[in-house]
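1. Have a look; sequence and predicted model below, questions after that.
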Amino acid sequence: MAWSPPAILSDNLFDDGVPVSSTSVDSGYAVLNVIDWRPYTSWRVTGAGPHYITIDCGSAKSADTLAIMGHNLGSLGATVSLECSADNFAAETIVALAGFVPATDRIIYKPFAPLSKRYWRLKIALGGAYSPYIGILCAGTRLTFPKRMAAPFDPTPQAVKARSERSTTGQLLGSVVNYIEIAVSPRWTLLDPAWIAASFDPFWETHASTLKPFFWAWEPGDHPTEVFLLSLAPDFTLSRPYPGGPRRSLSLDLIGVKEP
């Protein structure tokens, strides 16, 4: 695949109203769970489908990327698609993202040609009566950075967070790995201040500064599977210095948990 610039997806049209499940949800698995940015709470239904999660945005809303996390759609062999409409799918149904079968149960991140419609829905088609679930469902307009990160850059640094016990002589008695932390520190130089003001600052004000998670794709063209759910590190300080001339620098400290 061709290289594409790094991007963040935090905009979510499924949060522009109350999402509706076409199928009765299983007890404890409300459809509202898909918009709380927590992969460990989920929507789940049981049946042959197709199943839909539909949203009325109130007015036309644009989107160009779909992301799904905390799901079993790959294991089920489900066919997933994204549709939109101006009339709640009465006479108009536009396929924004054609049906595909996820290869795994890891994060799904799918860019598509931009569309703007009032009604949107995720469609899940199955070959039998199964119980699909989704932790996070996000569709919106991604924040695309205008250039690569400055070198050197490590896209997937990992730190083992564990508890260990040792004997009085220092011998390892045992360890319990709690989780693997992803800690990414992208940095850009010579960015256009107008781009920062128009594109990055709204993301900072409405989402990032509240430490809400978002999807980070460091190179979605060449590395489409290396997408992570991250947030800004606690006590992060936003700095956008002028390195000289009319351009600015930008650095981020991002943390998250590696998918099992």
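-> Ah, there it is. Numbering: from 1, shown residues only.

2. packing partners for the lengthiest helix in the chain?
-> Secondary structure of the chain per DSSP state H: the longest helix is helix 201-206. Taking 3 or more C-beta pairs under 8 Å, 6 or more residues apart in numbering; DSSP states H and E as the contact definition, helix 201-206 has no neighbouring helices or strands. Every residue, glycine included, has its C-beta placed from N, CA and C.

3. what's downstream of that helix, the next helix or strand?
-> Using DSSP states H and E, the next helix or strand after helix 201-206 towards the C-terminus is strand 214-217.

4. Listing partners with orientation, what would you give for that following strand?
-> Using DSSP bridges, the strands paired with strand 214-217 in its sheet are strand 7-9 (antiparallel), strand 227-232 (antiparallel).

5. Please enumerate residues in contact with the longest one?
-> The set of residues external to strand 227-232 that reach it, using C-beta atoms under 8 Å, 6 or more residues apart in numbering, is 39, 67, 69, 107, 109, 136, 182, 184, 208-209, 211-217, 220, 252-258.

6. Apply 7 Å and report the result again.
-> Strand 227-232 has contacts (C-beta atoms under 7 Å, 6 or more residues apart in numbering) with 39, 69, 107, 109, 182, 184, 208, 211-217, 220, 252-256.

7. cool, and stretch 137-155?
-> By C-beta under 7 Å, 6+ apart, stretch 137-155 touches 5-9, 11-14, 34, 53, 62-68, 82, 120, 122, 184, 186-189, 191-192, 195, 199, 203, 215, 218, 226.

8. Show me just the buried residues among these.
-> Buried members of the contacts of stretch 137-155, counted by 16 or more other C-beta atoms under 10 Å: 6-9, 11-14, 34, 53, 63-68, 82, 120, 122, 184, 186, 188, 191, 195, 199, 215, 218.

9. What segments of the stretch 1-150 of the chain are helices?
-> Assigned by DSSP state H, counting those that start in this stretch, the helices in the stretch 1-150 of the chain fall at 73-76.

10. again, but for the stretch 151-260 of the chain
-> 193-195, 201-206.

11. What are the buried residues along stretch 133-150?
-> For stretch 133-150, burial by neighbour count (16+ other C-beta under 10 Å) applies to 133-145, 149.

12. repeat for stretch 248-258
-> Arg248, Ser249, Leu250, Ser251, Leu252, Asp253, Leu254, Ile255, Gly256, Val257.

13. Quick check: nearest residue in space to Gly49, chain neighbours excluded?
-> Spatially, and ignoring its direct neighbours in sequence, Gly49 is nearest to Leu126 (4.5 Å; C-beta to C-beta, 6 or more residues apart in numbering).

14. got it, and Pro234?
-> Closest residue to Pro234 apart from its sequence neighbours, by C-beta to C-beta, 6+ apart: Leu211 at 7.2 Å.

15. Please apply the same query to Leu191.
-> Distance criterion C-beta to C-beta, 6+ apart; nearest residue to Leu191, sequence neighbours excluded, is Arg248 at 5.3 Å.

16. pretty sure that neighbour contacts Asp201?
-> No: at 11.4 Å, Arg248 does not count as touching Asp201 under the criterion of C-beta atoms under 7 Å.

17. a markdown table for the buried residues of stretch 248-258, including distance to Thr23 and pLDDT?
-> Formatted as a markdown table, the buried residues of stretch 248-258 follow (distance: C-beta to C-beta, whole Å; pLDDT from 0 to 100):
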| residue | distance to Thr23 | pLDDT |
| --- | --- | --- |
| Arg248 | 49 | 93 |
| Ser249 | 49 | 94 |
| Leu250 | 44 | 96 |
| Ser251 | 45 | 96 |
| Leu252 | 39 | 97 |
| Asp253 | 41 | 97 |
| Leu254 | 36 | 97 |
| Ile255 | 36 | 97 |
| Gly256 | 31 | 96 |
| Val257 | 30 | 95 |
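
18. In strands, which of those residues appear?
-> Those of the buried residues of stretch 248-258 mapping onto strands are Arg248, Ser249, Leu250, Ser251, Leu254, Ile255, Gly256, Val257, per DSSP state E.

19. ok, of those, which one's closest to Leu97?
-> Taking C-beta to C-beta as the measure, Leu97 lies nearest Gly256 of these, at 24.5 Å.
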